[in-house]
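Undergrad: build me a structure from this.
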Amino acid sequence: MTTVHAGTNAVKQAAGNPLLQLLERLGYVVRGALYAVMGLLALGIAVSVGPGQTTDLSGSLVFLTGNPFGKLVLIVAAIGLAAYSLWGFIRAIYDPLHRGSGASGYAARLGFVSSALSYAAIVILALQLLAGSGAPSGDSTQKTIASVLTHPAGGALTILIGLIAIGVGFGQFLEAYRATFAQDLKGAEMSQSERTWAIRFGRFGMIARGVTFLVIGWFVVQAGIHHDPAQAQGFGGAFQFLLGQPFGRVLLGVIALGFVALGLHSFACARWIRLMGRTA
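TA: Predicted coordinates for the structure are as follows:
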C-alpha cells in the first residue's frame, strides 16, 4: 500500500509540473481556436459570407492549416491538445476540480474521459497530417456509424449512441443552468467583469452545443432505426439541418455565435482555470 501511495503522489507531482500546466493552458487556447473557427464558418453561412462550409473540430484543424504556417500550426495544436487530453484524464482520476464521488460527480468525470479521448483523436489526426496523409473526407460521424452498423447488434448500438448524444445535449443545458464550471476559475485573479463574461460565454456556448448534440443524437437514432449510416449527421450536418428550418439563418447564426462564445470561454480558461496543485 505504501508503494501505491508513493506512486500516486509521484503522479500527482508530475501532473502539477509547471511546464505541463503551461502546455495544458496552450491546449485550452487551441481548443478555443477550433471552436471559434467552427462557429465563424457556420456564421458565414448564416450571413452568406465566407467559404460557405460547416465543419467539426477536426475540420476546424484542417481549415487552420491551410496557410504557409500550416505545419507549425499542426505542431502547436498537437502539443497543446495532447496536454489537454492528458488533463482530461487527470481531472477524471484525481478530481482536482472537486466534482465529487456522487452520481453527478462520476458523470462529470466520465465526461472528462470522453473529452480526453475525443481530443486524443484530433491529436492523431494532426500527426497524420504532419506525416503527409491527406485530410479526411466525408462525415466522420457517418463513417463511425457505418462501422458500428456492420456489427450484428449494430442497429441497437447505434440507437444507444444516439440516445447518449441526446443525453449529453440535455446535460449541456443543465450545466449551462448550474454553471458549475464557474468554480473552476481562479476568481481571485479576475475582475468582476472578466468573471461575468467568462461565465456568460460558457453558458451561451453550452446551450449552443446542447442544441447541436440533440440534433446529432436524433439523426444517429434514425440511422440505427433504419439501419442506414447515411442518415447519421455530425456537427456539419446538424448546422445544415438548423439552416433548413423556419428562420434557419437566424437560428444557425445564434448557434454559431454560441460556438464562438465557447471558444472565447476556452480562451478565458487558458488564463484562469485551476489546474492540478493550484488553488489560487
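
Undergrad: wait, isn't His151 in contact with Leu157?
TA: Yes. Between His151 and Leu157 there is a contact under Cβ atoms under 8 Å: 6.2 Å. C-beta coordinates here come from the backbone N, C-alpha and C atoms, glycine included.

Undergrad: looking at the two, which is more packed in?
TA: Using other Cβ atoms under 10 Å, the more surrounded residue of His151 and Leu157 is Leu157, with 15 against 11.

Undergrad: so the residue nearest to that one when sequence neighbours are not counted is in which element?
TA: Nearest non-adjacent residue to Leu157, counting by Cβ to Cβ, 6 or more residues apart in numbering: Val148, 5.3 Å away. Using DSSP states H and E, Val148 sits within helix 140-149.

Undergrad: and that helix, average pLDDT?
TA: Averaging pLDDT along helix 140-149 yields 88.

Undergrad: now stretch 255-262
TA: Stretch 255-262 comes out at a mean pLDDT of 97.

Undergrad: now do it: distance to the chain's middle.
TA: 12 Å (Cα atoms, centre = their mean, to the nearest Å).

Undergrad: roughly how far apart are the residue nearest the centre of the chain and Ser266?
TA: In the chain, the centroid-proximal residue (Cα atoms, centre = their mean) is Ser115; its distance is 6.3 Å. As judged by Cβ to Cβ, to the nearest Å, Ser115 and Ser266 stand 12 Å apart.

Undergrad: which residues touch the stretch of helix or strand Gly155 belongs to?
TA: Assessed by DSSP H and E, Gly155 sits inside helix 154-178. Helix 154-178 is contacted from outside by 107, 111, 145, 148-149, 151, 181, 202-204, 206-207, 209-214, 216-225, 227, 232, using Cβ atoms under 8 Å, 6 or more residues apart in numbering.

Undergrad: mark which of those are buried, thanks.
TA: Those of those that meet the buried threshold are 111, 145, 148-149, 181, 202-204, 206-207, 209-214, 216-224, 232, by 16 or more other Cβ atoms under 10 Å.

Undergrad: how about Ile273, phi and psi?
TA: The phi and psi torsions at Ile273 (degrees, to the nearest 10) take the values phi -70, psi 140.

Undergrad: leaving out chain neighbours, which residue sits closest to it?
TA: Asp184 (5.7 Å).

Undergrad: state the distance from the residue nearest to the centre of the chain to His151.
TA: In terms of Cβ to Cβ, Ser115 sits 25 Å off from His151.

Undergrad: repeat that for Val37.
TA: 34 Å.

Undergrad: contact partners for the residue nearest to Leu157?
TA: Residues near Val148 by Cβ under 8 Å, 6+ apart: Gly154, Leu157, Thr158, Ile161.

Undergrad: burial measure for the first one, as a count.
TA: This points to Gly154. Gly154, neighbours per other Cβ under 10 Å, totals 18.

Undergrad: ok, now the last one?
TA: By other Cβ under 10 Å, 21 other residues sit near Ile161.

Undergrad: what is the burial count for Ala92?
TA: Each residue near Ala92 was counted by other Cβ under 10 Å, and the total is 19.

Undergrad: and the one 5 residues further on, by the same measure?
TA: The tally of other residues near Leu97 (other Cβ under 10 Å) stands at 20.

Undergrad: any idea how far it is from Arg200?
TA: Per Cβ to Cβ, Leu97 is found 20 Å from Arg200.

Undergrad: circling back to that earlier point, doesn't His265 make contact with the residue nearest to Ile273?
TA: No. Judged on Cβ under 8 Å, Asp184 makes no contact with His265 at a distance of 10.9 Å.

Undergrad: between the two, who's got more neighbours?
TA: Between Asp184 and His265, counted using other Cβ under 10 Å, His265 has the larger neighbour count: 26 against 18.
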